[in-house]
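In: Output the structure for:
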Amino acid sequence: MEVDKERFISIIKENQRLIYKVCYTYCKDSELRKDLEQEILEQLWKSLPRYDGRTKLSTWMYQVALNTAFLFYRNESKHSTNRATIDDSVLTIADSSKSIEMEENVAMLYSFIHNLDELDKALMLLYLDKNKYRDIAEILGISETNVATKINRIKDRLKEYFKKH
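Out: Prediction:
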């Protein structure tokens with residue numbers, strides 16, 4: 001099944017913040033973030049024909065984006081390679097009406113999240129995006145109870161982190 005280019009662009013524009021959050025959470029380096037963004041977009045393009053509508057589109061997109069980020073993160077940490085830079089005109093994830101400038105506390109939060117393991121990063125990303133525990137569990141393939149327990153533990157660690165900094 002062929003993907004309709006206009007439909008794809010519309011879906012990406014509607015969910016660009018989701019993609020931005022995944023990229024920002026998994027890559028501190030701006031060039032690597034661009035590479036991850038391109039990789040996520042490519043995987044979404046390839047996977048869209050297989051989207052069956054059993055879950056919300058945003059839930060499915062999170063699954064694809066997070067799986068792509070996990071693989072990207074693993075590959076980058078195994079070996080550092082020179083990756084081609086992406087033309088900025090491809091698709092900018094940041095809101096075009098104004099650039100995203102983070103306040104000090106938000107920067108500290110992302111710094112904390114960046115140092116978490118892959119699963120905890122995903123949990124925090126989904127939690128901060130106000131997903132319900134049920135949806136987080138579905139996206140990550142763990143139980144709702146496990147989601148709640150892990151989030152509470154991460155919150156405790158986050159409180160300690162902010163106290164120290």
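
In: surely Ala148 meets Tyr133?
Out: Yes - here Ala148 reaches Tyr133: they are 5.8 Å apart, a contact under Cβ atoms under 8 Å. (Glycine included, C-beta is placed from N, CA and C.)

In: Same drill for the two, tell me which one is more crowded.
Out: For Ala148 and Tyr133, the more surrounded residue by other Cβ atoms under 10 Å is Tyr133, and the numbers stand at 16 against 13.

In: Contact partners for that one?
Out: Tyr133 is in contact with 144, 147-148, 151, counting by Cβ atoms under 8 Å, 6 or more residues apart in numbering.

In: ok, of those residues, which one's closest to Met108?
Out: Met108 has its nearest neighbour among the contacts of Tyr133 in Ile151, at 18.4 Å by Cβ to Cβ.

In: now that closest one: how far from Phe8?
Out: For Ile151, the distance to Phe8 equals 32 Å [Cβ to Cβ, to the nearest Å].

In: More neighbours: which of the two?
Out: Between Ile151 and Phe8, Ile151 has the larger neighbour count (other Cβ under 10 Å), namely 17 against 14.

In: what residues are up against the more buried one?
Out: The contact partners of Ile151, taken as Cβ under 8 Å, 6+ apart, are 123-124, 127, 133.

In: can you tell me which of these are in helices?
Out: If you go by DSSP state H, the contacts of Ile151 have 123-124, 127, 133 in helices.

In: Leaving out chain neighbours, which residue sits closest to the spatially most central residue of the chain?
Out: By Cα atoms, centre = their mean, the chain has its centre lying nearest to Val22, at 1.5 Å. Closest residue in space to Val22, ignoring its immediate chain neighbours: Ala65 at 4.3 Å, by Cβ to Cβ, 6 or more residues apart in numbering.
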